[in-house]
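**Student:** fold the following.
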Amino acid sequence: MLESGMFGDELTQGQEFKVSNQSQPAPGYNYIVSAHKPTSVQACATGQLTSTNDLNLVIAHNNVLELHLVTPEGLKLLKEITIYGKIACLNLFTPRPTSDTGEKPKDLIFLLTDRYNVMILECITNGDQLDIITRAHGNVADRNGKDCESGMQAVVDPEARCIILRLYEGLVKVIPLEDINTELVAFNVRVDELQVCDIQFLHGCSAPTLIKLHQDGNGRHIRTHLLSFAKKEFVKVPWKLDNVEAEAVMIIPVPEPLCGAIVIGQETISYIKPDSHVTVAAGILSTSTIICYAPVDRDGSRYLLGDLSGRLFMLLLEKPVAEGDPDIKLELLGEICTPECITYLDNGVIYVGSRLGDSRLVRLNKTQDPVTKSFLTTMQTFPNLGPIVHMTVVDLERQGQGQLITCSGAYKEGSLRIIRNGVGIQELACIELPKIRGMWGLSIAASQPSIHNTLVVTFHSSTRFLKVGGDIVDEIRIPGFLSKKMTFYAANVNFEQVIQVTRCGVRLVKESTCKLVQHWCPPDDRPVSLATSNSSQLVVTSGPFVYYLTVEDGALNLISQCQLEYEVACVDVSPLGGAEEASVVGVGMWTDITTRILVLPALTEVYKEPLGGDIIPRSMLLATFEDVHYLLVAVGDGQLVYYVYHPEQRQLTDRKRVVVGMLPTQLRRFNAGSVSNVFACSDRPTVIYSSNHKLVFSKVNLKEVTHMCPLNSEAYPNSLALANSEGVTIGTIDEIQKLHIRTVPLGETPRCIAYQEETETFGVVTFRVDVCEDPNINTGPTAAAAGSTPAPTRGTSGSVSGPSVPGYGLQYGMGQDGAQPASLTAHSTSYSLTTTSIVKTGIVPPPERGQEIETYNFLIMAQNTFEGI
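**Tutor:** The predicted model follows:
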């Protein structure tokens, strides 16, 4: 997906632009918009940005920077800004105090983009308004230079004296911070070592001192360098340590009072100082590689370590009682997502940012779970679509709306993501009631007027009243209502009264007693054909006759009536713009297929508009979206015609027509929070809302909805009751302006996906990495039968092994929540062990212990369940 923020100021979200090409006979037009903001996490950090009393979490998503406030209830998003470039490095630092009082200033944000732009950002609060301003910026690119093979790196001096950037091989860039101007300027310092693995600043030094892990022909070594701003070079080497572990990958600087540094290797962990060092064996790390860390305490006694297989460790430096070096202890905490970065928040809560899977908010428990043997509990999951390596578009529900199926994630975070643009209904309850002809939610003697405790359901020749409470729905009897007649309309009105409209007339019932107060019939005993109301006004039609009534305490008063030349097909009397009463009535006609505006109270016709075509209107609604008034008219063939209504001129303009289904559509209003929206009930149910003063039509994840009514009961607050041919579904509606994502975890890396419409199946190519654990076992291609694969067991070395593949274990751990990879639970799985076995048939060399084997699989998955078949 294209991100609008990546192209500079010229391209904004939703902007249309022209692409010209002289080789083409006619220009092409493109419309580029960001459908979903970046979700993979490049970096994260915690600090005091908004105030010295606040704790903030900063997350970098590609070109988007998120600022959160850490609260007892969880993370609260404060600000989200777009950076014109991909964020490569993110650091927080505390600037040196500038005032004489010596008060600690707020932290600042340092950013480095992939195009060598650097900037320092500051959060400024003014009451409830929060702004992020640029204090300084610059570009540190060189004309010539070989990019670092291990990627960009930025480290900040603990005393905020300078920032060092590792961008090119053979040198580092130094940005002084003594006097921060509006422009950041860097100078180069030559580094003799070419293969630098990691750099950090040491704590407790009078001058900026850099510690470096590098590699040469004799192994890997530690060097320290003292930086001189006057000479703009490294002046001396305070101390060094040769021949550390050959697979050492990371340096962790230790703050005061301990100082020194920790070197993380593949099999050992070392704590080093100028005059001593301590090394301990850590065999549990041998099966994977530590890729990120986070300090827990300010004194540097505890650190969190995350490895590529998704394991989280706690590293402890236990201070000795007497003089001496601290003891090093390492403990496995449990399984997490594959981390890209880790940061400790507070009170045992950890944020784990992932680039290969969903990021998580994790709680660290004091006791171990007896079942999972983990000290971790997942508090919240943040979905991540990336990295997407392949995708296909399929209309799964055959409703004319394509869904995007992506191959997302890698290793144990691999999954399929079903992405659709629309509105989701989360089902809460179902009631089996076939052949429903209408449905309304009422409040009858409820604790609050806004609480719906009764559901009125009508059929061809009867009406049933259902009391909604808890998990049980009971049928009740309301004395003032007719149960052996079909109900045309029902609603709550003023003065704690309820109306029921049948063919015989309008019944006004008192809520408290449920007894009939008045029964109104049209003159000459004409049968009622349609009815609509608001809290104080009622409009009833009988063929071509229209009656306008007002609701009083214990009475319905007929104010006016009129006769039109044709029979009325639909009618609506909804107030516009939040008004208490309606000033006009919208009427749709048979025969001449027109829509008309009648003014209240006289029912005088002031406007007439032909709908076009020969299909009669079936439903009508007056609605206001973003202070713009609309008249929506649904015709019998599934099309929707809508106009902009101007109350001053009493005219309809800007006619537009859209298709919302193939069958007659019913329009119903509902509220999502404080915003009013419209639900179009049809064979392709649609939610209508406004965005940027334009009507938007979003499909709902239901195949058919014939009737809908809002339902705000105590058991089902802020819900909708949705009827189809089989019964009623009670559910809540998802956020409307949002892509809806469903995850199908695979536990291994998906590489390619294809869809076969004839069999309604997907074919997915996946692979995983196995590790040989028993060198005495020589395995050729095998097959794992479904249902016969025992669950893998955790070995003492930390790797995962199981009898599904003899002699092999999973390199990157189990899938989400300890699930096996999808290929190990399928009916048949083939394994490609080595390249030699493919090129030279029959020659399979004995695998060595620890050898990584890529295992490729082809999965066939059912369309409806996404389970292997």
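**Student:** could you count how many residues lie near the closest residue to Arg298 other than its chain neighbours?
**Tutor:** Leaving aside its sequence neighbours, Arg298 sits nearest to Pro255 (C-beta to C-beta, 6 or more residues apart in numbering; 6.8 Å). Just so you know, the C-beta spots here come from the backbone N, C-alpha and C atoms, and that holds for glycine as well. Per other C-beta atoms under 10 Å, the neighbour tally for Pro255 reads 17.
**Student:** now Asn557
**Tutor:** 12.
**Student:** setting aside sequence neighbours, what's the nearest residue to it?
**Tutor:** Thr550 (5.1 Å).
**Student:** what's the first helix or strand after the host helix or strand of that neighbour?
**Tutor:** Using DSSP states H and E, Thr550 maps to strand 545-552. Scanning forward in sequence from strand 545-552 by DSSP H and E, the next helix or strand is strand 555-563.
**Student:** tilt between that next one and strand 545-552?
**Tutor:** Angle between the axes of strand 555-563 and strand 545-552 is 160 degrees (criterion: axes from the mean of the first three to the mean of the last three C-alpha atoms, to 10 degrees).
**Student:** one step back: my read: the residue nearest to Arg298 touches Pro158, true?
**Tutor:** Yes. At 7.1 Å, Pro255 counts as touching Pro158 under the criterion of C-beta atoms under 8 Å.
**Student:** what touches both of the two?
**Tutor:** Common neighbours of Pro255 and Pro158, using C-beta atoms under 8 Å, 6 or more residues apart in numbering, are His203.
**Student:** what residue in the protein is the furthest from its centre?
**Tutor:** Relative to the centre of the chain, the most outlying C-alpha is that of Asp524, 60.0 Å out, by C-alpha atoms, centre = their mean.
**Student:** so what does the strand holding Thr550 touch, helix or strand wise?
**Tutor:** Helices and strands touching strand 545-552, by 3 or more C-beta pairs under 8 Å, 6 or more residues apart in numbering; DSSP states H and E, are strand 537-542, strand 555-563, strand 584-589.
**Student:** including mean pLDDT, could these go into CSV?
**Tutor:** Below are the helices and strands packed on strand 545-552 laid out as CSV (pLDDT from 0 to 100):
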stretch, mean pLDDT
strand 537-542, 95
strand 555-563, 93
strand 584-589, 94
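**Student:** save those strands as JSON lines, and put in distance to Val678 too.
**Tutor:** Output for the helices and strands packed on strand 545-552, formatted as JSON lines (distance: least, C-beta to C-beta, whole Å):
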{"stretch": "strand 537-542", "distance to Val678": "19"}
{"stretch": "strand 555-563", "distance to Val678": "28"}
{"stretch": "strand 584-589", "distance to Val678": "14"}
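**Student:** those strands: which one's closest to Ala282?
**Tutor:** With C-beta to C-beta as the criterion, Ala282 lies closest to strand 584-589 of the helices and strands packed on strand 545-552, at 75.2 Å.
**Student:** mind checking the SS state of the residue farthest from the centre of the chain?
**Tutor:** Secondary structure, DSSP: H, G, I helix; E, B strand; the rest coil: Asp524 is helix.
**Student:** for it, give me its contacts.
**Tutor:** Contacts for Asp524 (C-beta under 8 Å, 6+ apart) come out as none.
**Student:** end to end on stretch 204-219, go ahead and measure it.
**Tutor:** Start and end residues of stretch 204-219 are separated by 28 Å (C-alpha to C-alpha, to the nearest Å).
**Student:** quick one: average pLDDT of that stretch?
**Tutor:** The average pLDDT within stretch 204-219 is 92.
**Student:** go through that stretch and flag the buried ones.
**Tutor:** Buried residues in stretch 204-219, counted by 16 or more other C-beta atoms under 10 Å: Cys205, Pro208, Thr209, Leu210, Ile211, Lys212, Leu213, His214.
**Student:** surely the second one touches Cys162?
**Tutor:** Yes. Between Pro208 and Cys162 there is a contact under C-beta under 8 Å: 5.6 Å.
**Student:** beta partners for Gln537?
**Tutor:** Here Gln537 sits in beta bridges with Thr550, going by DSSP bridges.
**Student:** wait, is Thr392 part of a strand?
**Tutor:** Yes. Under three-state DSSP, Thr392 sits within a strand.
**Student:** wait, it sits on Ile405?
**Tutor:** Yes. Under the criterion of C-beta under 8 Å, Thr392 makes contact with Ile405 at 5.3 Å.
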